[in-house]
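Trainee: Predicted model and sequence below, questions to follow.
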Amino acid sequence: MLLGLFIYGGAALVAMKADNFTTVMLARAVSAFGIAVGSVITQTMLRDVFRGEELAKVFSLMGMGISISPVLGMLLGGQLSQAGGYQYVFLALFVMALGLFVYNLVQLPETQQQKQPLQLCSLSGRMIKDLKIWQSAILVALYNVALFSYYQLGAFRFAELGFNAQQFGYSGIVLGLGTLVGSYVNKALLSRSFSQRTLLGVAA
């Protein structure tokens, strides 16, 4: 977690200081690699603490919280971009990463209570052969490609249509509402003992 936040913060700082578009995009790619720990490590920590239906309910609650992020991120990003250009956006990301790094360094507990030897080669082999893992990975990858393509390219498309960065930020409200409604419906169905297969069918 700490290493990922360090990489993310450093990449945001590089992007803020960059004087050409290529460097900005490279820094964004590195920052995406770093911040990926936010999803992966958080899910791992939750799985260390919760099990079964309780874990599913916690993920639904987390999804409802995540639904706020595009609203806040795009609204604040639009305001910052309007005030001081993309440099203000990356400065805010750097400050956020620094704050999270310090907080996690001081407060984040170890959730894995029992240390177990990790057979990385055999585990990797089982994961590669697991069809469900591939299905989940492809589903998440496609969703993230669609979502982050909108984040990266949407502002340019809005500009072509005559809208400014601040107005683009308001579109995050629609994205947030969609995620919030989906998470709420998922949590409600789980509380009524709907099976995972049924929920996947509804989502499809």
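Mentor: Sure, I can see it. Numbers count the residues shown, from 1 in each chain.

Trainee: what's near enough to touch residue 168?
Mentor: Contacts for residue 168 (Cβ atoms under 8 Å, 6 or more residues apart in numbering) come out as 74, 78, 154, 155, 158. C-beta: built from backbone N, CA, C; applies to glycine.

Trainee: ah, wrong one, I meant residue 163
Mentor: If you count contacts by Cβ under 8 Å, 6+ apart, residue 163 has none.

Trainee: what do you get for residue 45?
Mentor: If you count contacts by Cβ under 8 Å, 6+ apart, residue 45 has them with residue 111.

Trainee: Downstream of the strand or helix carrying it, the next helix or strand is which one?
Mentor: With elements taken from DSSP states H and E, the one containing residue 45 is helix 21-49. Beyond helix 21-49 on the C-terminal side, the first helix or strand identified by DSSP H and E is helix 52-66.

Trainee: about what we covered before: so the helix holding residue 45 versus helix 52-66, what angle?
Mentor: Going by axes from the mean of the first three to the mean of the last three Cα atoms, to 10 degrees, helix 21-49 is angled at 150 degrees with respect to helix 52-66.

Trainee: Flag every buried residue along helix 21-49.
Mentor: 24, 27, 28, 30, 31, 34, 35, 37, 41, 45 (16 or more other Cβ atoms under 10 Å).

Trainee: same thing with stretch 68-88?
Mentor: By 16+ other Cβ under 10 Å, the buried positions in stretch 68-88 come out as 70, 71, 73, 74, 75, 77, 78, 79, 80, 81, 86, 88.

Trainee: Can you tell me which of the residues you listed is nearest residue 104?
Mentor: Of all the buried residues of stretch 68-88, residue 73 has the smallest distance to residue 104: 19.8 Å, by Cβ to Cβ.

Trainee: picking that back up, kindly reformat the contacts of residue 168 as CSV containing secondary structure, distance to residue 187 and pLDDT.
Mentor: As requested, the contacts of residue 168 are arranged in CSV below (DSSP: H, G, I helix; E, B strand; the rest coil; distance: Cβ to Cβ, whole Å; pLDDT from 0 to 100):
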residue, secondary structure, distance to residue 187, pLDDT
74, helix, 24, 77
78, helix, 30, 78
154, helix, 28, 84
155, helix, 32, 80
158, helix, 33, 87
